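> Quick one, structure for this:
(2 chains)
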Protein chains: 2
Amino acid sequence: MTPYRLYYWPGIQGRGEFVRLPLEDAGAPYVDVARLPERKGGGIAAMMKLIGGGGPGLRPFAAPVLVHGRLAIAQTANILHWLAPRIGLAPRDEAARIGAHQIQLTVTDFVAEAHDVHHPIASSLYYEDQKREAARRAGHFVRERVPKFLGYFERVVDRNGGRHAIGRGTSYVDLSLFQVMAGMRYAFPRAMARLERKLPRLAALHDRVAARPRLAAYLASERRLPFSTEGLFRHYPELDVTR
Amino acid sequence: MTPYRLYYWPGIQGRGEFVRLPLEDAGAPYVDVARLPERKGGGIAAMMKLIGGGGPGLRPFAAPVLVHGRLAIAQTANILHWLAPRIGLAPRDEAARIGAHQIQLTVTDFVAEAHDVHHPIASSLYYEDQKREAARRAGHFVRERVPKFLGYFERVVDRNGGRHAIGRGTSYVDLSLFQVMAGMRYAFPRAMARLERKLPRLAALHDRVAARPRLAAYLASERRLPFSTEGLFRHYPELDVTR
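Have a look, this model is predicted:
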């Protein structure tokens, strides 16, 4: 089978990680194009060419982009909605697939807010140039937004029987919730230690996902990039407020 | 046919307007539930009950929610992806539908940024309590983000032949781009007057959409709520910077 081609920034987990996780979990063949050397057609240059309109299909606004044959799909949740049924990580019936996508779009919203905590003024500025505003936003994020979003995901899992976000088996949504928990624990360890007392379903889900054999192998490999202060979830101790 | 039931804040266009527009354009039967009186099962109370988990289907995180039979679909782009093919406002082939959804999700991203201009610190605070940060963000938004997003949509329309965002006919994506242009002209009249010199395709698309008979009738009716400083797109003269 022709491998999927994923185009994403090579140095960070970022939004691309929400696509890497299901590909890895399913053992699906894929090429992480921008992580290949330029002499093999990789590097950031290859990604920028695609984003600049030099690839098949509709021009994307931003990475990640998944290319398969003549399809080039952008927007993380859109990629997952298309990809997951093909690799056995989506529920089977239509209503549940719509529901999965709905939850995933709420993950998308949360991830954007998690990013904007450290970039409340402009993504074009360094964090250091918006630290004061970031500190103010972090208080609201930790006190209001994190409990609201993670509390919602906790209830979704709980109402679905306690083990999965939707459907009866593991779906890409579960893998995304794993990533959200991992990212939040990295970025806000003190705040999460307190908040997780009310998130037992999500904590257990995180552990079950991390223990899935192919994912465990991936997470232990060099393909899993580390969290860092270049990515979506960033650890700045001064933003990790506890109240 | 059983009418669609739309649940959204009754006093603003907001994200709900991206769903109202295709329903109106298609002449589809729908009830704007929260705009009905409480004695008829409407009002904000009915919406909050649904969001609180008291309706069919998966519990939503936030409004808008579209209810049809046993389906309750949330997340604006998810609603449109499901609804538009049923009312004749989506392209026919799968690749184009994925593309339409991809563009719509980029509209979603832009709309969130347009909101956060006036709420860069927290949506729970009044604008007046984050004016200083908003002024700083507005400069970056108008100089960097608006040209990037609207320039992207302009190129998408241009590369598709100049009249539509995707496919050969009018789709829900065109209606959303109309709404984006209308909202931006309301919120940032001076900045848009300058930026629109480079957006001729979007300006023409806006006018063609507004002239569609059923939409023209809707826009002239009392069902079309006014833009205001309660909605997504807000006009604060001090944020309407020109450079």
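> Which residue of chain A lies farthest from its centroid?
A:R39 (28.9 Å; CA atoms, centre = their mean).
> confidence score at it?
A:R39 carries a pLDDT value of 94.
> how much space between it and A:A45?
A:R39 sits 11 Å away from A:A45, going by CB to CB, to the nearest Å. The way it works is simple: take the backbone N, C-alpha and C, and place the C-beta from them, glycine included.
> do A:R35 as well
13 Å.
> If you count surrounding residues, which of those two has more?
A:R35 (18 against 11; other CB atoms under 10 Å in any protein chain shown).
> per-residue confidence at that one?
Reported pLDDT for A:R35: 97.
> now A:M1
76.
> shaky segments in chain A?
Within chain A, no stretch has pLDDT under 70.
> what do you get if the cut-off is 90, keeping everything else the same?
Applying pLDDT under 90 to chain A flags residues A:1, A:53-58, A:242-243.
> quick one, strands of it?
Using DSSP state E, the strands found in chain A span residues A:4-7, A:30-32, A:65-68, A:71-74.
> Looking at those strands, which is nearest to chain B?
When the strands of chain A are compared by CB to the nearest CB, strand A:71-74 sits nearest chain B, at 5.3 Å.
> Contacts for the closest one next, please.
A:50, A:55-58, A:60-67, A:79, A:82-83, B:95, B:98, B:102 (CB atoms under 8 Å, 6 or more residues apart in numbering or on different chains).
> Stretch A:150-167 too?
A:91-92, A:96, A:99-100, A:103, A:106-107, A:110, A:168, A:170-171, A:173-174, A:177, A:180, A:184, A:195, A:198-202, A:204-205, A:208, B:53, B:58-59, B:61.
> Would you list the buried entries among these?
A:91, A:96, A:99-100, A:103, A:106-107, A:110, A:170-171, A:173-174, A:177, A:180, A:184, A:195, A:199, A:201-202, A:205, B:58-59, B:61 (16 or more other CB atoms under 10 Å in any protein chain shown).
> Show me what the lengthiest helix in chain A is packed up against.
Longest helix of chain A, by residue count under DSSP state H: helix A:94-118. If you count contacts as 3 or more CB pairs under 8 Å, 6 or more residues apart in numbering or on different chains; DSSP states H and E, helix A:94-118 packs onto helix A:76-86, helix A:131-140, helix A:146-159, helix A:172-187, strand B:71-74, helix B:76-86, helix B:94-118.
> Switch these over to CSV; also include distance to B:S221.
Shown next, in CSV, are those (distance: least, CB to CB, whole Å):
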stretch, distance to B:S221
helix A:76-86, 34
helix A:131-140, 38
helix A:146-159, 35
helix A:172-187, 40
strand B:71-74, 25
helix B:76-86, 21
helix B:94-118, 23
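> Break chain A down into its structural domains.
A:4-86, A:94-212 (automatic domain parsing).
> now the shortest one, how far from the centre of its chain.
Relative to the mean C-alpha coordinate of its chain, domain A:4-86 is positioned 13 Å out (CA atoms, centre = their mean, to the nearest Å).
> Excluding chain neighbours, what is closest to A:R35?
Nearest non-adjacent residue to A:R35, counting by CB to CB, 6 or more residues apart in numbering or on different chains: A:P10, 4.4 Å away.
> Make sure the one you found is actually in contact with A:I44.
Yes - assessed by CB atoms under 8 Å, A:P10 is found in contact with A:I44 at 6.6 Å.
> State the distance from A:R97 to A:H81.
Distance from A:R97 to A:H81, by CB to CB: 7 Å.
> number of nearby residues for A:L150?
21.
> meant to ask about A:R185, not that
Neighbour count for A:R185, taken as other CB under 10 Å: 18.
> That one reaches A:L199, doesn't it?
No - A:R185 is beyond contact range of A:L199, at 11.0 Å (criterion: CB under 8 Å).
> so what's the residue nearest to A:R35 up against?
With CB under 8 Å, 6+ apart, A:P10 has these contacts: A:32, A:34-35, A:43-44.
> among those, who's most crowded?
Neighbour max across these (other CB under 10 Å) = A:A34, 23 neighbours.
> So that residue sits against A:L50, correct?
No - the pair A:A34 / A:L50 is not scored as a contact, 9.4 Å apart, by CB under 8 Å.
> overlap in contacts of those two?
A:Y7.
> now for the helices and strands packed on helix A:94-118, which one comes closest to B:V19?
Nearest to B:V19 among the helices and strands packed on helix A:94-118 is helix B:76-86 (5.5 Å), distances taken as CB to CB.
> helices and strands around the closest one, which ones?
Secondary-structure packing of helix B:76-86 (3+ CB pairs under 8 Å, 6+ apart): helix A:94-118, helix B:17-26, strand B:65-68, strand B:71-74, helix B:94-118, helix B:172-187.
> orientation of the first one relative to helix A:146-159 in degrees?
So that's helix A:94-118. 160 degrees (axes from the mean of the first three to the mean of the last three CA atoms, to 10 degrees).
> relative orientation of helix A:94-118 and helix A:131-140 in degrees?
Using the same axes, to 10 degrees: helix A:94-118 against helix A:131-140 is 140 degrees.
> how close does the residue nearest to the spatial centre of chain A get to chain B?
For chain A, the residue nearest the mean C-alpha position is A:F18 (3.6 Å; CA atoms, centre = their mean). The gap separating A:F18 from chain B is 14 Å, by CB to the nearest CB, to the nearest Å.
> quick one, what contacts that residue?
Counting by CB under 8 Å, 6+ apart, A:F18 has contacts A:76, A:80, A:107, A:175-176, A:179.
> Buried ones from the residues you listed, can you make that a ChimeraX selection?
Per 16+ other CB under 10 Å, the buried members of the contacts of A:F18 correspond to this ChimeraX selection:
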select /A:76,80,107,175,176,179
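> what sits against the nearest residue to A:L80 once chain neighbours are set aside?
Spatial nearest neighbour of A:L80, chain neighbours left out: A:Y172 (5.0 Å); criterion: CB to CB, 6+ apart. Residues counted as contacts of A:Y172 (CB under 8 Å, 6+ apart) are A:21-22, A:80, A:83-84, A:89-90, A:100, A:104.
> Now render those as TSV, adding distance to B:P147.
Formatted as TSV, the contacts of A:Y172 follow (distance: CB to CB, whole Å):
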residue	distance to B:P147
A:L21	34
A:P22	34
A:L80	29
A:L83	32
A:A84	34
A:L89	38
A:A90	37
A:A100	35
A:Q104	29
